[in-house]
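> Got a predicted model here, sequence first, then my questions.
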Amino acid sequence: MPEPRRRQARVRWLGIATCCLAGMAQARVQPPKEAPQTDETTLRCKDAGKVVNDYYGFTALFPGSLHAYPDSPIDMTDHGCVVSLDDTAGSDRSIDLFAAYNAALDDTVRQATDERIDGMTHDETIDHVILVSRRAMSLGGLKAERSVIRYRDKSTGRPHVSDVVIALRHIVKPSDGFSHTYTVSLTTTEEAYEGDRVTFEAILASWRTIRAEDSP
(Lines give C-alpha, C1' and ligand atoms only; values in the text may rest on other atoms or scores of the structure.)
Protein backbone atom coordinates (compact mmCIF):
# COMPACT_ATOMS: atom_id res chain seq x y z
CA MET A 1 0.00 0.00 0.00
CA PRO A 2 1.47 3.44 -0.85
CA GLU A 3 3.04 5.04 2.23
CA PRO A 4 0.91 8.25 2.23
CA ARG A 5 -2.23 6.09 2.32
CA ARG A 6 -0.79 3.94 5.12
CA ARG A 7 0.07 7.06 7.12
CA GLN A 8 -3.42 8.53 6.60
CA ALA A 9 -4.94 5.24 7.73
CA ARG A 10 -2.77 5.22 10.84
CA VAL A 11 -3.67 8.81 11.71
CA ARG A 12 -7.38 7.99 11.31
CA TRP A 13 -6.95 4.91 13.51
CA LEU A 14 -5.15 6.92 16.17
CA GLY A 15 -7.97 9.44 16.21
CA ILE A 16 -10.62 6.75 16.52
CA ALA A 17 -8.67 4.88 19.18
CA THR A 18 -8.11 8.05 21.19
CA CYS A 19 -11.78 9.03 21.12
CA CYS A 20 -13.38 5.61 21.58
CA LEU A 21 -10.92 3.99 23.97
CA ALA A 22 -9.87 6.94 26.09
CA GLY A 23 -12.08 5.92 29.00
CA MET A 24 -10.87 2.33 29.05
CA ALA A 25 -7.24 3.25 28.49
CA GLN A 26 -7.32 5.75 31.33
CA ALA A 27 -7.90 2.93 33.80
CA ARG A 28 -4.76 1.09 32.75
CA VAL A 29 -2.49 3.59 31.02
CA GLN A 30 -1.81 7.08 32.33
CA PRO A 31 -0.05 9.20 29.66
CA PRO A 32 1.62 12.44 30.78
CA LYS A 33 -0.69 15.41 31.18
CA GLU A 34 1.31 17.44 28.67
CA ALA A 35 2.91 15.32 25.96
CA PRO A 36 5.82 17.12 24.26
CA GLN A 37 5.06 18.36 20.78
CA THR A 38 7.48 17.57 17.99
CA ASP A 39 8.63 19.42 14.91
CA GLU A 40 11.14 18.80 12.14
CA THR A 41 14.02 20.09 14.29
CA THR A 42 13.37 17.88 17.32
CA LEU A 43 12.43 14.57 15.70
CA ARG A 44 15.21 12.00 15.87
CA CYS A 45 14.65 10.98 12.24
CA LYS A 46 17.21 13.56 11.18
CA ASP A 47 20.02 11.46 12.72
CA ALA A 48 21.68 9.54 9.88
CA GLY A 49 21.57 5.80 10.39
CA LYS A 50 19.94 5.90 13.83
CA VAL A 51 16.48 6.22 15.34
CA VAL A 52 16.35 7.34 18.98
CA ASN A 53 12.90 7.76 20.47
CA ASP A 54 13.22 8.75 24.12
CA TYR A 55 9.52 9.49 24.47
CA TYR A 56 8.24 5.95 23.82
CA GLY A 57 11.60 4.38 24.65
CA PHE A 58 13.31 2.62 21.76
CA THR A 59 16.30 2.90 19.47
CA ALA A 60 17.40 1.18 16.26
CA LEU A 61 20.06 1.42 13.57
CA PHE A 62 19.57 1.53 9.81
CA PRO A 63 21.97 1.91 6.84
CA GLY A 64 23.28 5.47 6.70
CA SER A 65 22.68 5.60 2.96
CA LEU A 66 18.92 5.46 3.54
CA HIS A 67 16.68 8.36 4.52
CA ALA A 68 14.14 8.46 7.35
CA TYR A 69 11.23 10.79 7.95
CA PRO A 70 8.74 11.32 10.80
CA ASP A 71 5.96 8.80 11.26
CA SER A 72 3.54 11.29 12.83
CA PRO A 73 2.18 14.76 12.06
CA ILE A 74 4.21 17.60 13.56
CA ASP A 75 1.44 18.41 16.07
CA MET A 76 1.60 14.92 17.61
CA THR A 77 4.16 13.23 19.81
CA ASP A 78 7.14 11.50 18.18
CA HIS A 79 5.77 8.04 17.33
CA GLY A 80 8.82 6.98 15.33
CA CYS A 81 10.37 7.06 11.87
CA VAL A 82 9.79 5.59 8.43
CA VAL A 83 12.94 4.48 6.63
CA SER A 84 12.55 4.77 2.87
CA LEU A 85 14.01 1.87 0.89
CA ASP A 86 13.51 3.61 -2.44
CA ASP A 87 13.37 7.39 -2.86
CA THR A 88 11.90 7.08 -6.34
CA ALA A 89 8.65 9.02 -6.63
CA GLY A 90 5.67 6.75 -6.06
CA SER A 91 7.65 3.98 -4.38
CA ASP A 92 5.96 2.28 -1.44
CA ARG A 93 8.97 0.32 -0.15
CA SER A 94 9.72 1.28 3.44
CA ILE A 95 10.43 0.11 6.98
CA ASP A 96 8.30 1.71 9.68
CA LEU A 97 9.56 1.93 13.28
CA PHE A 98 6.48 2.90 15.25
CA ALA A 99 5.54 3.17 18.94
CA ALA A 100 2.40 4.25 20.77
CA TYR A 101 0.40 3.77 23.93
CA ASN A 102 -1.48 0.48 24.04
CA ALA A 103 -4.81 2.18 23.28
CA ALA A 104 -6.28 -1.10 22.04
CA LEU A 105 -5.63 -2.60 25.49
CA ASP A 106 -4.02 -5.71 24.02
CA ASP A 107 -3.13 -8.27 26.67
CA THR A 108 -0.80 -10.35 24.47
CA VAL A 109 1.22 -9.94 21.30
CA ARG A 110 -0.92 -12.69 19.79
CA GLN A 111 -3.99 -10.54 20.31
CA ALA A 112 -2.25 -7.52 18.78
CA THR A 113 -1.16 -9.62 15.79
CA ASP A 114 -4.67 -11.00 15.36
CA GLU A 115 -5.96 -7.43 15.11
CA ARG A 116 -3.29 -6.52 12.56
CA ILE A 117 -4.18 -9.51 10.38
CA ASP A 118 -7.90 -8.82 10.70
CA GLY A 119 -7.33 -5.18 9.77
CA MET A 120 -5.56 -6.13 6.56
CA THR A 121 -8.22 -8.70 5.71
CA HIS A 122 -10.88 -5.98 5.86
CA ASP A 123 -8.81 -3.25 4.16
CA GLU A 124 -10.83 -2.24 1.10
CA THR A 125 -7.77 -0.88 -0.73
CA ILE A 126 -6.17 -4.33 -1.04
CA ASP A 127 -7.24 -7.87 -1.93
CA HIS A 128 -5.84 -11.41 -2.32
CA VAL A 129 -4.68 -11.24 1.31
CA ILE A 130 -2.74 -14.37 2.27
CA LEU A 131 -1.11 -15.08 5.64
CA VAL A 132 2.26 -16.62 4.70
CA SER A 133 3.74 -17.18 8.15
CA ARG A 134 3.39 -16.32 11.79
CA ARG A 135 5.73 -17.04 14.68
CA ALA A 136 6.86 -15.93 18.12
CA MET A 137 10.18 -14.13 18.44
CA SER A 138 12.04 -11.58 20.54
CA LEU A 139 12.40 -7.87 19.78
CA GLY A 140 15.12 -6.25 21.87
CA GLY A 141 14.41 -8.68 24.69
CA LEU A 142 10.63 -8.20 24.55
CA LYS A 143 8.27 -11.02 23.65
CA ALA A 144 7.07 -10.36 20.11
CA GLU A 145 5.22 -11.96 17.24
CA ARG A 146 6.07 -11.74 13.55
CA SER A 147 3.60 -12.18 10.70
CA VAL A 148 4.12 -12.06 6.95
CA ILE A 149 1.21 -11.27 4.65
CA ARG A 150 1.09 -11.15 0.87
CA TYR A 151 -1.55 -9.01 -0.80
CA ARG A 152 -2.40 -7.08 -3.96
CA ASP A 153 -2.72 -3.30 -4.08
CA LYS A 154 -5.99 -2.63 -5.89
CA SER A 155 -4.87 0.76 -7.21
CA THR A 156 -1.83 -0.62 -9.02
CA GLY A 157 -2.57 -4.33 -9.28
CA ARG A 158 0.93 -5.05 -7.94
CA PRO A 159 1.58 -7.85 -5.41
CA HIS A 160 3.08 -6.69 -2.12
CA VAL A 161 4.43 -8.13 1.11
CA SER A 162 3.83 -6.85 4.64
CA ASP A 163 6.30 -8.25 7.21
CA VAL A 164 5.45 -7.02 10.71
CA VAL A 165 6.85 -7.54 14.21
CA ILE A 166 4.77 -6.43 17.20
CA ALA A 167 5.90 -6.23 20.84
CA LEU A 168 4.29 -4.98 24.05
CA ARG A 169 5.97 -3.38 27.06
CA HIS A 170 4.93 -2.54 30.61
CA ILE A 171 6.21 0.93 31.54
CA VAL A 172 3.46 3.05 33.06
CA LYS A 173 2.73 2.44 36.74
CA PRO A 174 0.34 1.79 38.34
CA SER A 175 -0.94 -0.48 35.61
CA ASP A 176 -1.88 -4.14 35.43
CA GLY A 177 -1.21 -4.48 31.72
CA PHE A 178 1.06 -3.49 28.86
CA SER A 179 1.24 0.29 28.44
CA HIS A 180 3.24 0.54 25.19
CA THR A 181 3.04 -1.08 21.76
CA TYR A 182 6.02 -1.30 19.39
CA THR A 183 5.69 -2.15 15.71
CA VAL A 184 8.47 -2.65 13.17
CA SER A 185 7.04 -3.26 9.72
CA LEU A 186 8.40 -3.81 6.24
CA THR A 187 6.15 -2.90 3.31
CA THR A 188 7.53 -3.72 -0.11
CA THR A 189 6.76 -5.19 -3.49
CA GLU A 190 6.83 -8.94 -3.90
CA GLU A 191 9.80 -8.82 -6.27
CA ALA A 192 11.86 -6.66 -3.89
CA TYR A 193 11.01 -8.57 -0.71
CA GLU A 194 14.01 -10.90 -0.52
CA GLY A 195 16.46 -8.02 -0.88
CA ASP A 196 14.59 -5.64 1.43
CA ARG A 197 14.25 -8.35 4.06
CA VAL A 198 18.03 -8.28 4.58
CA THR A 199 17.81 -4.64 5.67
CA PHE A 200 14.72 -5.41 7.75
CA GLU A 201 16.47 -8.24 9.61
CA ALA A 202 19.43 -5.96 10.39
CA ILE A 203 17.13 -3.29 11.81
CA LEU A 204 15.30 -5.87 13.92
CA ALA A 205 18.61 -7.14 15.29
CA SER A 206 19.64 -3.61 16.29
CA TRP A 207 16.32 -2.63 17.91
CA ARG A 208 16.58 -1.97 21.67
CA THR A 209 14.45 -0.53 24.44
CA ILE A 210 15.67 2.55 26.29
CA ARG A 211 14.23 4.61 29.11
CA ALA A 212 10.86 6.05 28.09
CA GLU A 213 9.22 9.30 29.13
CA ASP A 214 6.89 7.47 31.53
CA SER A 215 9.52 5.25 33.13
CA PRO A 216 9.32 5.37 36.95
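Arrived safely, thanks for sending. Numbering: from 1, shown residues only.
> What does Ala212 show for phi and psi?
When read as degrees, to the nearest 10, the backbone of Ala212 gives phi -100, psi 170.
> can you count the residues close to it?
Ala212 has 18 neighbours, counted by other C-beta atoms under 10 Å. For the C-beta atoms, the positions are set from N, CA and C on the backbone; glycine is no exception.
> repeat for Val82
23.
> ditto for Asp127
12.
> Give the other helices and strands that the helix or strand containing it contacts.
Using DSSP states H and E, Asp127 sits within strand 126-139. Applying 3 or more C-beta pairs under 8 Å, 6 or more residues apart in numbering; DSSP states H and E, we find strand 126-139 packed against helix 109-121, strand 142-153, strand 159-169.
> Determine which stretch of the ones you listed is the most buried.
strand 159-169 (a mean of 22; mean count of other C-beta atoms under 10 Å).
> Tell me which strands it pairs with, and in which orientation.
Sheet pairing here is set by DSSP bridges, and for strand 159-169 it gives strand 142-153 (antiparallel), strand 180-189 (antiparallel).
> what angle separates the shortest one from strand 126-139?
Just to be clear, that refers to strand 180-189. Orientation check (axes from the mean of the first three to the mean of the last three C-alpha atoms, to 10 degrees): strand 180-189 against strand 126-139 gives 130 degrees.
> Would you indicate which residues of strand 180-189 are buried?
Buried positions in strand 180-189, judged by neighbour count with 16 or more other C-beta atoms under 10 Å: 180-189.
> so who does Asp118 touch?
By C-beta atoms under 8 Å, 6 or more residues apart in numbering, the contact set of Asp118 is empty.
> ok, back up a step: gap between the strand holding Asp127 and the chain center?
Relative to its parent chain, strand 126-139 has a centroid offset of 15 Å by C-alpha atoms, centre = their mean, to the nearest Å.
> Contacts made by it with the rest, please.
Contacts with strand 126-139, where a contact means C-beta under 8 Å, 6+ apart, come from 1, 109, 113, 117, 120-121, 123, 143-154, 159-161, 165, 167, 182, 184, 204, 207.
> If we use 6 Å, what do you get?
Contacts with strand 126-139, where a contact means C-beta atoms under 6 Å, 6 or more residues apart in numbering, come from 120-121, 144-154, 165, 167, 207.
> With stretch 148-167 instead?
Defining contact as C-beta under 6 Å, 6+ apart, one finds that stretch 148-167 is touched by 1, 109, 112-113, 120, 125-133, 139, 142, 144-147, 182-190, 193.
> measure Ser72 to Thr199 for me?
Look at Ser72 and Thr199: by C-beta to C-beta, to the nearest Å, they are 22 Å apart.
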